[in-house]
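Dropping a prediction and its sequence here:
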Amino acid sequence: MTSSSSDTSTPGTSATSAVVTGAARGIGRAVATRLVAAGHRVVITDVDGEAVAATAAEIGATGLVQDVRDPDSHRLVAHTAGGLAPLAVWVNNAGVGWDGDLVALSDEQVRGLVEINLLGVLWGMRAALDAFAAGPGPATGSLVNVASLSGLGPVPGLSTYAATKAAVVSATTSVALEAPDGVDVHAVLPDGVATAMVAEMSEGTGKKLVLSGGRLLTTEEIADAVLGLVGSRRVLRTVPAWRGGAMRASALVPSLAGSAIALFERQGGRRLGAARR
Ligand SMILES: NC(=O)c1ccc[n+]([C@@H]2O[C@H](COP(=O)([O-])OP(=O)(O)OC[C@H]3O[C@@H](n4cnc5c(N)ncnc54)[C@H](O)[C@@H]3O)[C@@H](O)[C@H]2O)c1
């Protein structure tokens, strides 16, 4: 991990620090922008070194190059944030959205999805929980994982991605109960959001399902949801709430979910067609 020194904030002006992984663009950037506005000294990380340095300079954060697949890198990120101010918030946001049926993905894509979207979050949670407990008093801090609505039910065309997000939801709910008093653990589960990740998906079943929700959410809506979870007792938050109910219902009876999924896919296909015109 290498550091790109882009911290434009004034030392000593904030009592706490915050970390957002994968924040060079998209949802992570919006979350980091909100945390800076809330007064935190914010460390953003990304595997894209040039982009993270540029974003850090633009939003007034410290930018670090990090590959979330490396557990040691999370400890270094925590150390850097703790050096700015006591760590209060950690957001595991970095992720990849490679779509395609399980058999269509390459071995590297399957491995990458699991290592970045799941292991990257577990490494981040471990480093954050250690850092929250490292201060002189009782452990304190807020940990938010960016999961996905796809983690709640079947999503053909995004099966590996959805499996990693389901695992993040599971880990979040368990670790929320393992964490000491004073440390709150959450996950936000967004429906489709207008970011490069969705734009870069192939025009297959997965993308059609992502587009089937009516409209793509904005990154600011997800940042609001993340900031709303910080310090709260709520563990999971789906955005929008109604899609969470529909996904949970389809998970209860996956054998009957096919016709509803086909309907959603047709809706998404029409939106994709309209966007092309
Ligand atoms: N866009 C959506 O529709 C949507 C919906 C639900 C959940 N999410 C989740 O939100 C998070 C952010 O997604 P986004 O839409 O902003 O995507 P994005 O592609 O715009 O941003 C993801 C960022 O993560 C970085 N990244 C990728 N691999 C990394 C690695 N190994 N180490 C460090 N950084 C890495 C990328 O360089 C990029 O800057 C992801 O976890 C994604 O799964 C997105």
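Nice, I can see it.

Spit out the contact partners of residue 192.
Counting by Cβ atoms under 8 Å, 6 or more residues apart in numbering, residue 192 makes contact with 198, 210, 211, 213, 216, 217. Quick note: C-beta positions are derived from backbone N, CA and C, even for glycine.

Does residue 122 touch residue 170 like I think?
No: using Cβ atoms under 8 Å, residue 122 is not in contact with residue 170; the gap is 11.0 Å.

sorry, back to before: with pLDDT and neighbour count added, can I get the contacts of residue 192 in JSON lines?
Below are the contacts of residue 192 laid out as JSON lines (pLDDT from 0 to 100; neighbours: other Cβ atoms under 10 Å):
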{"residue": "198", "pLDDT": "95", "neighbour count": "17"}
{"residue": "210", "pLDDT": "91", "neighbour count": "27"}
{"residue": "211", "pLDDT": "90", "neighbour count": "25"}
{"residue": "213", "pLDDT": "81", "neighbour count": "20"}
{"residue": "216", "pLDDT": "95", "neighbour count": "18"}
{"residue": "217", "pLDDT": "97", "neighbour count": "19"}
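
ok, these vs the ligand, which is closest?
residue 198 (4.7 Å; Cβ to the nearest ligand atom).

Could you work out the end-to-end span of stretch 134-142 for me?
Start and end residues of stretch 134-142 are separated by 14 Å (Cα to Cα, to the nearest Å).

for the record, mean pLDDT for that stretch?
The average pLDDT within stretch 134-142 is 94.

Get me the contact residues on the stretch 151-277 of the chain for the ligand.
190, 192, 193, 195, 196, 197, 198, 210 (Cβ under 6 Å from any ligand atom).

Which residue, other than its chain neighbours, is closest to the third one?
Computed as Cβ to Cβ, 6 or more residues apart in numbering, the closest residue to residue 193 that is not its neighbour in sequence is residue 217, at 4.6 Å.

How far does the helix or strand hosting residue 261 sit from its chain's centre?
In the assignment (DSSP states H and E), residue 261 maps to helix 257-276. From the chain centre to the centre of helix 257-276 is a distance of 25 Å (Cα atoms, centre = their mean, to the nearest Å).

List the buried residues of it.
With burial defined by 16 or more other Cβ atoms under 10 Å, the residues of helix 257-276 counted as buried are 257, 261, 264, 265, 267, 268, 269, 271, 272.

what are the ranges of the strands in the stretch 151-277 of the chain?
183-190, 236-239 (DSSP state E, counting those that start in this stretch).

what's the average pLDDT for the first one?
For strand 183-190, the mean per-residue pLDDT is 98.

Going forward, count from 21.
New numbering, starting at 21: the last item is strand 203-210.

Which elements pack onto it?
helix 140-152, strand 161-166, helix 179-198, helix 239-249, strand 256-259 (3 or more Cβ pairs under 8 Å, 6 or more residues apart in numbering; DSSP states H and E).

what's the most buried one of those?
Neighbour counts (mean count of other Cβ atoms under 10 Å) averaged over each of these peak at strand 161-166, with a mean of 26.

is the ligand contacted by it?
Yes: Strand 161-166 reaches the ligand (Cβ under 6 Å from any ligand atom) through residue 166.
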